[in-house]
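Asks: I would like the atomic coordinates for the input below:
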Amino acid sequence: MLLMAQTSHKPNASIATCCLLMAGLFAYSAAVQLNDVDWYLWFPFYTLASVVSAFHTVSSTVASRGLAGLDLVFGLVLFVKVVIEGCIHGRSFNVDELFSLDMAKRVVREKLGSLLAVVAMWLQMEVFSGTPTDSAGYKWAPQAGLWLFVAVSSGLCLAFFIETAPLSTDGI
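Replies: Model prediction:
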């Protein structure tokens, strides 16, 4: 029983809500990858992030934290791929693009997507790491980071949709 208590955590309502919102965001991200040139890389990446986040709405186990770690590494590899691809294909990936938030550019969307998923997986691993610091049994900083992550990633998605939405020209 003691071993089980150390390897499995049931999330509080705040963490479960964050994880559910992240699961939805990553599921949507996975769905829109199907028309991408390299969908076979991005679809499994976002799908795994969605599955891990959805699982963390109910419980966290050593296996789910291991999958989160795998997705974290996968995301770092994809980030490096995006940077290298930008340099190899003559698109001169410069420092401005590295820090750009111009979601109209594919390289910026891929860069931000991979980094946001990496941060999400890291935060989830930290929240469920087994070294609680508050009375509910969770670290408060990663828990606040989860909410900040949800706010920032949702804001970036919303800004992208508003920016790229076609404007009505029918005068209504």
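
Asks: For the closest residue to F128 other than its chain neighbours, what are phi and psi?
Replies: Spatial nearest neighbour of F128, excluding adjacent residues (CB to CB, 6 or more residues apart in numbering): S60 at 3.7 Å. In short, each C-beta sits where N, CA and C put it, glycine included. Dihedral pair for S60: phi -130, psi 130, per degrees, to the nearest 10.

Asks: Around S60, how many other residues sit close by?
Replies: When neighbours are counted by other CB atoms under 10 Å, S60 registers 25.

Asks: and it, what are its bridge partners?
Replies: Here S60 shows beta-bridge partners H9, assigned using DSSP bridges.

Asks: Quick one, grab the pLDDT at it.
Replies: With respect to pLDDT, S60 scores 74.

Asks: any idea how far it is from F74?
Replies: Separation of S60 from F74 (CB to CB, to the nearest Å): 19 Å.

Asks: quick one: contacts for S29?
Replies: 42, 46, 49-50, 113, 117 (CB atoms under 8 Å, 6 or more residues apart in numbering).

Asks: Looking at those, spot the one nearest L156.
Replies: G113 (9.5 Å; CB to CB).

Asks: in what helix or strand does that closest one lie?
Replies: helix 106-127 (DSSP states H and E).

Asks: Quick check: what element follows that helix along the chain?
Replies: Per DSSP H and E, the first helix or strand lying C-terminal to helix 106-127 is helix 140-164.

Asks: Can you give the contact residues for that next one?
Replies: 14-15, 18-19, 21-22, 25, 101, 103-104, 109, 112, 116, 119-120, 123-124, 126-127, 133-134.

Asks: picking that back up, from the contacts of S29, which shows the smallest pLDDT?
Replies: Out of the contacts of S29, that is G113, at 86.
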